[in-house]
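Colleague: Structure for the following, please:
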Amino acid sequence: MIRSGTIVYPGVRIGENFETGHYALIRGEVVIGDDCRLGSYSSIEGKVTVGDGTVIRGRCEIPNSTIGKRCQIYAGVMFYDTPQPPDGPNLPPVIEDDVVIGCNAAVLGGVTVGARSFVAAHAFVTRDVPPDSYVKRSGEIVPRR
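Modeller: Residues are numbered from 1 along each chain as shown. The predicted model follows:
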């Protein structure tokens, strides 16, 4: 289901059972798997892959990224495709399978968030996160229990 105000550019590949909120934008070399959702006022732009069963909530900005299967990305999350915004080399972030990213968190370019990790709301992720980790709001990375 594509809701009103959403714009999907030609060439975007979307799997089955996809749903958007209102006024989402999807453009570029985007491939979205089956059973995914994109919230209202969110954008996916550039070269982006989204795995099956992933939910991206409202007001998220996702440029040039790889997102695994069954991820939960909550409202207001920002991905950057450079390690030093606003300029620098294009190094997309990689989000592995089963990752949860809390509201208003940010992930810099070139960072990999390992499988089954949890990123707290308002965290600013500037370095790689090992699988099964918890990123605190302060940015500290600890093993997930």
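Colleague: lowest-pLDDT helix or strand in this structure?
Modeller: Sorting the helices and strands of the chain by mean pLDDT, DSSP states H and E puts strand 141-143 at the bottom, at a mean of 93.
Colleague: partners of that one in the sheet?
Modeller: Sheet pairing for strand 141-143, assigned by DSSP bridges, gives strand 133-135 (antiparallel).
Colleague: What residues of the strand it pairs with count as buried?
Modeller: Residues of strand 133-135 classed as buried: 133-135 (neighbour count, 16 or more other CB atoms under 10 Å). C-beta coordinates here come from the backbone N, C-alpha and C atoms, glycine included.
Colleague: got a list of contacts for that strand?
Modeller: Applying CB atoms under 8 Å, 6 or more residues apart in numbering, the contact partners of strand 133-135 are 105, 113-114, 117-120, 123, 125, 129, 141-145.
Colleague: and what of stretch 71-84?
Modeller: Applying CB under 8 Å, 6+ apart, the contact partners of stretch 71-84 are 39, 46, 51, 54-65, 67, 88-93, 95, 97-111, 121, 126.
Colleague: Tell me how far the least confident helix or strand of the chain lies from the chain's centre.
Modeller: Between the mean C-alpha location of strand 141-143 and the chain-wide mean there is a distance of 20 Å, by CA atoms, centre = their mean, to the nearest Å.
Colleague: now do stretch 116-132
Modeller: Going by CA atoms, centre = their mean, the spacing between the C-alpha centre of stretch 116-132 and its chain's C-alpha centre is 12 Å.
Colleague: Spatially nearest residue to the residue lying farthest from the centre of the chain, not counting backbone neighbours?
Modeller: The outermost residue of the chain relative to its centre, with distances by CA atoms, centre = their mean, is residue 145 at 23.4 Å. What sits nearest to residue 145 in space, not counting adjacent residues and going by CB to CB, 6 or more residues apart in numbering, is residue 134, at 8.0 Å.
Colleague: How about residue 136?
Modeller: Using CB to CB, 6+ apart and skipping the chain neighbours, the partner closest in space to residue 136 is residue 120 (5.5 Å).
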